[in-house]
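> Provided below for reference: sequence and predicted model.
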Amino acid sequence: MFAYAVRRILIGLAMLVVMTLITFLLFMNNTTASVLASCGKNCQPEQKAIIAKTLGYDAPVYVQWGKFLKGVVAGRNFPDDPALVADHPELVAHCPAPCLGYSFKNSNFVWDVMKDAMWVSISIAVVAFAIWIIIGVLLGIIAALKRGTWIDKVIVGVTLVIFAFPTFFIGQLLYVFLAIKTGWFAIPTYTTIADGGVMAWLSGLILPAVTLAVFYMAGYVRMTRAFVLETSTEDYIRTAQAKGLSARAVIGKHTFRAALTPIVTMAGMDLALVLGGAPITESVFNFNGLGKLAVTATREFDLPINIGIVVFLSAFVILANVIVDIAYAFIDPRVSVK
């Protein structure tokens, strides 16, 4: 098992390196817009050249990529051009590892800009994930066990209606009726655990997390129901029932365990997706997360911020896949770990 886990981690690291190269080829082939956005409308050619040299945009893409990888591992200096360093040594700033670059628009290192937004997005994603997994899978199992009854029809019908509503509508509905009009929930604000404790952190995340969770939960209800119904028709399930195993044992040990493999696959990908895919929810509740930061960076042509977010989310997706692959070995004994 240890060797299998190490192999998956090494493959994940190799994929991450390739992903950073692809990102640089896509973003850094033309940096004119980013230089202009950093400099302003009345920027002179000399100023453009200085900004490009300071940020390293004048170097070939493969050189920029190599410096980026070095910064992630060991840190780097800005500017790192020898001529600029010799002329203006007082301007040199060291970016410690993991250095994802320097944002000229924010006059700060990318990691320092991202880290506060990162914890906001991670908090929303984790709480939303817990809600949609627990409730979605549970309702899916109930719908499968009560197939054809009114309970099954109500669960499937309600989830289908919820799935049809856009995220911003659900968010505004919850915000207006549950927080503003009724006052059942406090106005959502992000509070760190260090500042307010677990309960203050959790209470501020409930409405944004539920907004994301109900959308994904609808899909998990239908997916779990379908997989449980499909697994229930397998021969080994009928064999277990014929041997006299209780319904709880058949469902928990055989049916659900077999249906869990595709659910775990989707859960790992969806958790990574929701981490960077919630700009609408963050905007509705005025949370400064990665999604909102990515929208702002794109609008302002802040390439270093965009690259940092893409690399971070890519690392999270790859990590989620590695965890899912390792989880397979525990869920499904047919998976080889040699």
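All right, it came through fine. Numbers count the residues shown, from 1 in each chain.

> need phi/psi at residue 76.
The phi and psi values for residue 76, taken as degrees, to the nearest 10, are phi -160, psi 170.

> what's the burial count for it?
When counting by other C-beta atoms under 10 Å, one arrives at 20 neighbours for residue 76. Bear in mind the C-beta positions are built from the backbone N, C-alpha and C, glycine included.

> any idea which residue sits dead centre in the protein?
Centrality entry for the chain: nearest residue to the mean C-alpha point is residue 275, 2.4 Å, by C-alpha atoms, centre = their mean.

> can you list the domains in the protein?
Domain assignment for the chain, taken from automatic domain parsing, gives 2-111, 114-299.

> ok, which of those domains comes nearest residue 326?
domain 2-111 (5.4 Å; C-beta to C-beta).

> how far does that closest one sit from its chain's centre?
On the basis of C-alpha atoms, centre = their mean, to the nearest Å, domain 2-111 sits 23 Å off its chain's mean C-alpha point.

> same question for stretch 232-246.
Centre-to-centre, stretch 232-246 and its host chain are 39 Å apart (C-alpha atoms, centre = their mean).

> just the terminal-to-terminal distance for that stretch.
Using C-alpha to C-alpha, to the nearest Å, one end of stretch 232-246 lies 14 Å from the other.

> and that stretch, which residues are buried?
232, 237, 240 (16 or more other C-beta atoms under 10 Å).

> same check, this time on stretch 180-193
Using 16+ other C-beta under 10 Å as the test for burial, stretch 180-193 gives 185, 188, 190-191.

> which residues touch it?
Residues from elsewhere that reach stretch 180-193, judged by C-beta atoms under 8 Å, 6 or more residues apart in numbering: 119-120, 123, 175, 178-179, 200-201, 203-208, 285, 287-288.

> just the domains of the chain: most buried one?
domain 114-299 (a mean of 18; mean count of other C-beta atoms under 10 Å).

> run the chain-centre distance for that one.
14 Å.

> pLDDT of that domain, averaged?
On average, the pLDDT along domain 114-299 is 84.

> mind listing which of the buried residues of stretch 232-246 are in strands?
Within the buried residues of stretch 232-246, no residue falls in strands by DSSP state E.

> now the residues you listed in a markdown table, with distance to residue 103?
Formatted as a markdown table, these follow (distance: C-beta to C-beta, whole Å):
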| residue | distance to residue 103 |
| --- | --- |
| 232 | 54 |
| 237 | 56 |
| 240 | 59 |
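
> and which of those is nearest residue 263?
Closest to residue 263 out of those is residue 232 (15.2 Å), distances taken as C-beta to C-beta.

> can you pull the contacts of the residue nearest to that closest one when sequence neighbours are not counted?
Distances taken as C-beta to C-beta, 6 or more residues apart in numbering place residue 255 nearest to residue 232, at 5.8 Å, with adjacent residues excluded. If you count contacts by C-beta under 8 Å, 6+ apart, residue 255 has them with 228, 231-232, 237.

> could those go into JSON lines alongside distance to residue 279?
Output for those, formatted as JSON lines (distance: C-beta to C-beta, whole Å):
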{"residue": "228", "distance to residue 279": "34"}
{"residue": "231", "distance to residue 279": "37"}
{"residue": "232", "distance to residue 279": "40"}
{"residue": "237", "distance to residue 279": "43"}
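
> just the ones of those in helices?
228, 231-232, 237 (DSSP state H).

> of those, closest to residue 129?
residue 228 (20.6 Å).

> between the domains of the chain, which one is nearest to residue 319?
domain 2-111 (6.8 Å).

> show the end-to-end separation of that closest one, please.
32 Å.

> can you flag which of the contacts of stretch 180-193 belong to helices?
Under the assignment DSSP H, the contacts of stretch 180-193 contribute 119-120, 123, 200-201, 203-208 to helices.

> from the contact counts, what lies against the helix or strand encompassing residue 268?
According to DSSP states H and E, residue 268 maps onto helix 256-276. Contacts defined by 3 or more C-beta pairs under 8 Å, 6 or more residues apart in numbering; DSSP states H and E place helix 256-276 against helix 110-145, helix 193-232, helix 290-299, helix 303-331.

> I'd like to know which of those helices is closest to residue 4.
The minimum distance between residue 4 and the helices and strands packed on helix 256-276 falls on helix 303-331, with 6.8 Å, by C-beta to C-beta.

> now do the buried residues in the closest one.
For helix 303-331, a neighbour-count test (16+ other C-beta under 10 Å) marks 303-318, 320-328 as buried.

> so which helix or strand takes in the residue nearest to residue 167 when sequence neighbours are not counted?
Nearest residue to residue 167, sequence neighbours excluded (C-beta to C-beta, 6+ apart): residue 280, at 5.2 Å. In this assignment (DSSP H and E), residue 280 forms part of helix 279-284.
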